[in-house]
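**Student:** Sequence plus predicted model, see below.
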There are 2 protein chains.
Amino acid sequence: MSHSPSGQTTLVDVARRAGVSLATASRAINDSYGVSTKTRGRVLAAAEELAYVVSPEASRLAGGRTGRVGLVVPHIDRWFFGTLVAGAEGVLGDAGLDVLLFRVGDADDRRDFFHRLPARRKIDGLIVVGFPVLEAERERLDLLGVSIVSAGGQQEAYPYACVDDYEVGTIAVTHLLNLGHRRIAMIEAIDPDQPGWPTLAPRSAAYHDALDRAGIRSGPGLVCTVPWGGEAGADAMAQLLSRAEPPTAVYAHSDEIAVGAIRTARRAGLDVPGDISVVGIDDHPIAALTDLTTVAQPVRAIGERAAATLLEMIDGQHLPSSTTFPAKLVVRRSTAPPAVGARD
Amino acid sequence: MSHSPSGQTTLVDVARRAGVSLATASRAINDSYGVSTKTRGRVLAAAEELAYVVSPEASRLAGGRTGRVGLVVPHIDRWFFGTLVAGAEGVLGDAGLDVLLFRVGDADDRRDFFHRLPARRKIDGLIVVGFPVLEAERERLDLLGVSIVSAGGQQEAYPYACVDDYEVGTIAVTHLLNLGHRRIAMIEAIDPDQPGWPTLAPRSAAYHDALDRAGIRSGPGLVCTVPWGGEAGADAMAQLLSRAEPPTAVYAHSDEIAVGAIRTARRAGLDVPGDISVVGIDDHPIAALTDLTTVAQPVRAIGERAAATLLEMIDGQHLPSSTTFPAKLVVRRSTAPPAVGARD
DNA sequence: TCTAAGTTCGGAAACGCTTCCGAAAACCAA
DNA sequence: TTGGTTTTCGGAAGCGTTTCCGAACTTAGA
């Protein structure tokens, strides 16, 4: 077997075996115009037999694609991001593209990422997973010269796949209102590492608007703003319970927060949902396991859609389109009508 | 300014500006032998002024490293894997290496991965995250010709970073025994997608051995084997509760399973830990949020260690070494001594 | 001052691929 | 059959580096 010095099979080997020129072999493998079906078949067969894989470096250097897509993710260890990545990876992988992972955990990582642009010259497209891109960052990103889509966070700048967070919030709060609750608190989440997190504002606005519509004033004492995470939710609930008139229901910006809040309530001797109702957002697996009522969003599907959109953009077929996914209420056992004595 | 057609600044530009040859410029930038200090300084200055960045493709093609490391992961959307990846990504990223993600979710993906070897020619090293590599698969992997380490699963074949699962199991079961429990059940997990999951056997063996040592027979009715996951844990608990003599304590192979089991117990009107104790494994965030007693393993640190080991291997400095991390019991509120009436 | 050894640097050949351009071959209608 | 199209294919020029090899130049020892 005649291999190149590198020990790897090269296109030359494939071409020789198929009895065609290097140029033709390349065209056949890349499905370019100008190769007869028969020849293409022969080349593909030869490639198969020799277990040939293109060298992405050479391919790219010669003006082709890298065959790689970048995924920029704040926290790969959180369910939401992991699931979204899994969805994207699935369709990307099926399309034969590799996934390059970039984390932008804290503010430093983030600055570094946009400044150094480690993705430069390495990818054909980029998916920004679950965080907003600032104007200045967008300019840096443009330097990459590749297609970009946003997943899990609505963005002006790029095509996106996500859920309508205002709708999500409205569904959650309305559920509480429908049950008869009037003193409804909100535990509002912020990610200290990701200033300007886009889902925050709509989820909060939905709360205020829904209460307004119901003719209820959302007293300032009923909103707690905490960093993202379960423990913070637990702390927030403690604050809420220390109010003169504690809420009969709590709307949390995420399931983790909600579960933390429930832990505090239970430790305080309260029954959930008997004494206090709690609703979360996401339908994180933890929600099912802890009987938490929540608003489900199809995270995996969002990741898949984002990837599909990116593929379309890379292929340059039709104009890229954004997709907004529907959310739906999942009623479990953390919400119930308020106790009679608690109604006002 | 004279730039190459690509629009990017190339080494040629730098060389011209510094008034040296291409070869010298390359040597200066790569800190190779044979360049005078003065010349090197001139080249570096020119590079700086032109904001030059090497083309990774060209560099690699001409004989360098890919600057990429592969991560093979079964389920990126599960906390354990996500956290491990986050740890590995951290140290890899700091070392200037990019991370290429490969998922091998189900058996099909897996076969495909080892057959097609999509990682070929794309990486300098590989981390196998949390699953055992079969003999046949190992042979395929050798074809990659790169360094390999295993993270989160002890392996004969490769250097590894993980926890001793036998110890983990022993800690959990001993805790239950020390509390005075005698009818201790085990919910044993298997991953249907990953036959031969290596952590399973030690975790189960630890249970049997610990009971033996305590002079207790582990009746067959006290072990449930279920697929991985919270819902399965819930089902398993239902089975256990339907026994003539239900257990007073349950040892679950993971926190998700444990939480599912607790849900079932609570729905059945049992108090946890009053009527039945439950202990899990991992110290998944869900454990803290649901007051679950568990055995913690330093997942993130394991990922970091695995990456560090791989870096050493790639650099070829010293011989690679495996690391076993300690696990520790985290006592929360899901375990307590058995109710008096339940003691036998 | 002359030779031998050591330094510093430039020329040029890879690395493995894509693609432009032109030639050969195949096809069609007249 | 012939001339003109349309396909199909090979030659060859890059893409931006690294590195081997040898030339030129510097230094040191005699």
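**Tutor:** Sure, I can see it. Numbering: from 1, shown residues only, chains lettered A, B, ... in the order given.
**Student:** wait, what's in contact with A:D98?
**Tutor:** A:D98 makes contacts with A:56, A:67-69, A:92, B:100-102, B:118, B:122, as judged by C-beta atoms under 8 Å, 6 or more residues apart in numbering or on different chains. For glycine as for every other residue, the C-beta is placed from the backbone atoms N, C-alpha and C.
**Student:** For the residue in the stretch 151-300 of chain A that DNA strand C sits nearest to, the count of nearby residues, please.
**Tutor:** For the stretch 151-300 of chain A and DNA strand C, the shortest gap (C-beta to the nearest atom of the strand) falls at A:P159, measuring 24.3 Å. Per other C-beta atoms under 10 Å in any protein chain shown, the neighbour tally for A:P159 reads 20.
**Student:** cool, and A:G269?
**Tutor:** 7.
**Student:** Ok, A:G63 next?
**Tutor:** Counted by other C-beta under 10 Å, the residues lying close to A:G63 total 7.
**Student:** related to what we said a few turns ago, inside helices: which ones of the contacts of A:D98?
**Tutor:** A:56, A:92 (DSSP state H).
**Student:** Generate a PyMOL selection restricted to the buried entries among the contacts of A:D98.
**Tutor:** Applying 16 or more other C-beta atoms under 10 Å in any protein chain shown to those leaves a buried subset, and the PyMOL line that selects it is:
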select buried, (chain A and resi 56+67+68+69+92) or (chain B and resi 100+101+102+118+122)
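**Student:** Stretch A:86-97 near chain B anywhere?
**Tutor:** Yes: Stretch A:86-97 is in contact with chain B by C-beta under 8 Å from any C-beta of the partner chain, via A:86, A:89-90, A:93.
**Student:** and that stretch, which residues are buried?
**Tutor:** A:86-93, A:97.
**Student:** Could you do stretch A:173-182 as well?
**Tutor:** Residues of stretch A:173-182 classed as buried: A:173, A:175-177, A:179, A:181-182 (neighbour count, 16+ other C-beta under 10 Å).
**Student:** of these, closest to DNA strand D?
**Tutor:** Among the buried residues of stretch A:173-182, A:V173 lies closest to DNA strand D (C-beta to the nearest atom of the strand), at 55.3 Å.
**Student:** How is the closest residue to the residue of the stretch 151-300 of chain A closest to DNA strand C other than its chain neighbours assigned, secondary-structure-wise?
**Tutor:** Using C-beta to C-beta, 6 or more residues apart in numbering or on different chains and skipping the chain neighbours, the partner closest in space to A:P159 is A:P320 (4.1 Å). Put simply, A:P320 is coil when judged by DSSP: H, G, I helix; E, B strand; the rest coil.
**Student:** I figured A:P320 hits A:E312, correct?
**Tutor:** Yes: counting by C-beta atoms under 8 Å, A:P320 touches A:E312, with 5.9 Å between them.
**Student:** Just the buried residues of the helix or strand hosting A:E312, please?
**Tutor:** According to DSSP states H and E, A:E312 maps onto helix A:299-315. Along helix A:299-315, these residues count as buried under the neighbour rule (16+ other C-beta under 10 Å): A:299-314.
**Student:** out of these, who's near chain B?
**Tutor:** Contacts with chain B within those, as defined by C-beta under 8 Å from any C-beta: A:R300.
**Student:** For the stretch 201-344 of chain A, what lies in contact range of chain B?
**Tutor:** A:230-231, A:234, A:256, A:259-260, A:263, A:267, A:285-286, A:288-291, A:300.
**Student:** Quick check: the farthest pair among the residues you listed?
**Tutor:** Greatest spatial distance among those (C-beta to C-beta): A:R267 and A:R300, at 33.5 Å.
**Student:** got the residue ranges for the helices in the stretch 101-250 of chain A?
**Tutor:** Taking DSSP state H, counting those that start in this stretch, the helices of the stretch 101-250 of chain A run over residues A:107-116, A:135-142, A:165-178, A:200-213, A:230-241.
**Student:** ok, residues contacting the third one?
**Tutor:** So the one you mean is helix A:165-178. With C-beta under 8 Å, 6+ apart as the criterion, helix A:165-178 contacts A:154, A:184, A:198-199, A:202-207, A:209-211, A:214, A:249, A:251, A:277, A:279-281, A:293-295, A:297, A:326-329, A:331, A:335.
**Student:** Could you rerun that using 6 Å?
**Tutor:** Applying C-beta atoms under 6 Å, 6 or more residues apart in numbering or on different chains, the contact partners of helix A:165-178 are A:184, A:199, A:202-203, A:206-207, A:210, A:214, A:249, A:251, A:279, A:281, A:295, A:327, A:329.
**Student:** Just flag the most distant two among the residues you listed.
**Tutor:** Among these, A:T199 and A:A214 lie farthest apart (C-beta to C-beta), at 22.8 Å.
**Student:** Provide a list of residues in contact with A:R140.
**Tutor:** For A:R140, the contacting residues are A:F114, by C-beta under 6 Å, 6+ apart.
**Student:** what does chain A have sitting close to DNA strand D?
**Tutor:** Residues of chain A lying near DNA strand D by C-beta under 7 Å from any atom of the strand: A:19-24, A:34-40, A:58, A:61-63.
**Student:** Could you list the contact residues of chain A toward DNA strand C?
**Tutor:** Checking chain A against DNA strand C by C-beta under 7 Å from any atom of the strand, the hits are A:4-6, A:8, A:10-12, A:22-23, A:26-27, A:29-30, A:32, A:52, A:54-55, A:58-59, A:61-64.
**Student:** thinking again about what came up before, more neighbours: which of A:T199 and A:A214?
**Tutor:** Set A:T199 next to A:A214 and count neighbours by other C-beta under 10 Å: A:T199 wins out with 25 against 16.
**Student:** what's the closest of the contacts of A:D98 to B:V272?
**Tutor:** Using C-beta to C-beta, the contacts of A:D98 come closest to B:V272 at B:L101, 37.9 Å.
**Student:** Tell me who's in contact with that closest one.
**Tutor:** If you count contacts by C-beta under 6 Å, 6+ apart, then B:L101 has A:99, A:101, B:71 around it.
**Student:** Kindly report the same for A:A95.
**Tutor:** A:L311.
**Student:** what's the pLDDT at it?
**Tutor:** If you check A:A95, the pLDDT there is 91.
**Student:** Next: the one 3 residues further on.
**Tutor:** What the model reports as pLDDT for A:D98 is 94.
**Student:** thought A:A258 was touching A:V278?
**Tutor:** Yes: contact criterion C-beta atoms under 6 Å: A:A258 and A:V278 qualify, at 5.1 Å.
**Student:** Those two: who's more crowded?
**Tutor:** Taking neighbours as other C-beta under 10 Å, A:A258 and A:V278 compare with A:A258 leading, 33 against 30.
**Student:** what about that one, helix or strand, and which?
**Tutor:** A:A258 belongs to helix A:255-267, assigned by DSSP H and E.
**Student:** Quick one: residues in contact with that helix.
**Tutor:** A:187, A:189, A:230-231, A:233-234, A:237-238, A:250, A:252, A:272, A:276, A:278, A:280, A:282, A:284, A:286-287, A:290, A:292, A:294, B:289.
**Student:** Tell me who's in contact with the closest residue in space to A:R42 that isn't next to it in sequence.
**Tutor:** In space, and not counting its chain neighbours, A:R42 is closest to A:A18: 4.6 Å by C-beta to C-beta, 6+ apart. Residues counted as contacts of A:A18 (C-beta under 6 Å, 6+ apart) are A:42-43, A:46.
**Student:** now with 7 Å?
**Tutor:** By C-beta atoms under 7 Å, 6 or more residues apart in numbering or on different chains, A:A18 lies in contact with A:25, A:42-43, A:46.
**Student:** residue of the stretch 201-344 of chain A with the smallest distance to DNA strand C?
**Tutor:** Taking C-beta to the nearest atom of the strand, the stretch 201-344 of chain A has A:G316 as its residue nearest DNA strand C, at 12.7 Å.
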